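J.: need coordinates for the following:
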Amino acid sequence: MKSLRLPTLLAVLATLVLAGCQSASSASSMPAASTASTPAASAASAKPAPKMAAIRIKAGPPVAGFTADADGNMWLPERGFTGTDSIGRDGLAIANTKSPGLYQSEHYSMTAFTEPVPNGKYTVKLHFSETYEGIMGPGQRVFTFNIEGKEFKDFDIWVKAGGFARAYIETVEVEVKDGKLDITFSPQVENPQINGIEIIPHA
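T.: Residues are numbered from 1 along each chain as shown. Okay, here's the model as predicted:
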C-alpha cells in the first residue's frame, strides 16, 4: 500500500475536523426540552380553595315568617344538639334586636352541641333571650357552657340581657383543631337554654 502524501493527509484531516464542528454546532442549536409548567397549569395549582360560608343555626322549632334575619342572613333549622327539648313562643315581643323571630323559639335542657367544620379559626356568636315566664329575675336560670376550651361559668341570661325577653349575643373567638366545633352545657339553676348559633370562619 502506498503511503499518503502529506498534502493529501492534511486535506483528509481538515475534512474530518470540519465535520465534527458542524455536528457539535447542530447539537448545541437544538432547543432543550422545556420543564416549565404551562401558564394554565400554574394558575390552576395557585387557585385558592373556596372560602367556607358562615353557618347559622336557629335553635328550637320553626318560627312563622322567620327564615332570614334583618341583615338578610339565612338561618338553618336546628341541628347538632344533644338533648331534644325545644319550644316556640311565636309573637312574643323581643327587645334589643331587629330580628325578634330569631329569639321566639329556643332549645333547652341540652348537654352539648356539635357541628363539623374545617380546622381553623372562627368567630362564634351565641344568641340568647330569657323568654320563659317562670323566670322572673336574676339567679333563676344559671348555667355553664364551654366552647372549644373556653369556659363561661355562672352564665345568667337575665343578667347579661338586662331583663326578660331581651336579646343578648355572646361572641367567642375559637380555633378548631379536630374537624368539629364543640359546645358543652352544664346546668346549675334551671336548664341551659339557647336561641341560635352563628359559626363565622376567619378570612
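J.: from now on I want contacts and neighbour counts done on CA atoms only, so please keep to that.
T.: Will do.
J.: what residues are up against the nearest residue to residue 66 once chain neighbours are set aside?
T.: Excluding its sequence neighbours, the residue lying closest to residue 66 (C-alpha to C-alpha, 6 or more residues apart in numbering) is residue 101, at 5.6 Å. Residues in contact with residue 101 (C-alpha atoms under 8 Å, 6 or more residues apart in numbering) are 63, 64, 65, 66, 69, 90, 91.
J.: and for residue 52, the neighbour number?
T.: Residue 52 is flanked by 12 other residues according to other C-alpha atoms under 10 Å.
J.: swap that for residue 65, sorry
T.: For residue 65, the neighbour count with other C-alpha under 10 Å is 8.
J.: got the contact list for it?
T.: residue 101.
J.: in what helix or strand does it lie?
T.: Using DSSP states H and E, residue 65 sits in no helix or strand.
J.: follow-up on the earlier one: of the contacts of residue 101, grab the buried ones for PyMOL.
T.: With 16 or more other C-alpha atoms under 10 Å as the criterion, this PyMOL line picks the buried residues out of the contacts of residue 101:
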select buried, resi 63+66+90
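J.: residue 76 and residue 58 touch, don't they?
T.: Yes: Residue 76 is in contact with residue 58 according to C-alpha atoms under 8 Å; the separation is 5.9 Å.
J.: who's more crowded, these two?
T.: Legend: neighbour count by other C-alpha under 10 Å for residue 76 and residue 58, higher for residue 58 (28 against 16).
J.: quick one: pLDDT of that one?
T.: Turning to residue 58, the model gives it a pLDDT of 98.
J.: return the residues in contact with it.
T.: 75, 76, 77, 78, 102, 195, 196, 197.
J.: which of the residues you listed has the most neighbours?
T.: In those, the most neighbours by other C-alpha under 10 Å go to residue 102, 28 neighbours.
J.: mind checking how far residue 84 is from residue 110?
T.: 7 Å (C-alpha to C-alpha, to the nearest Å).
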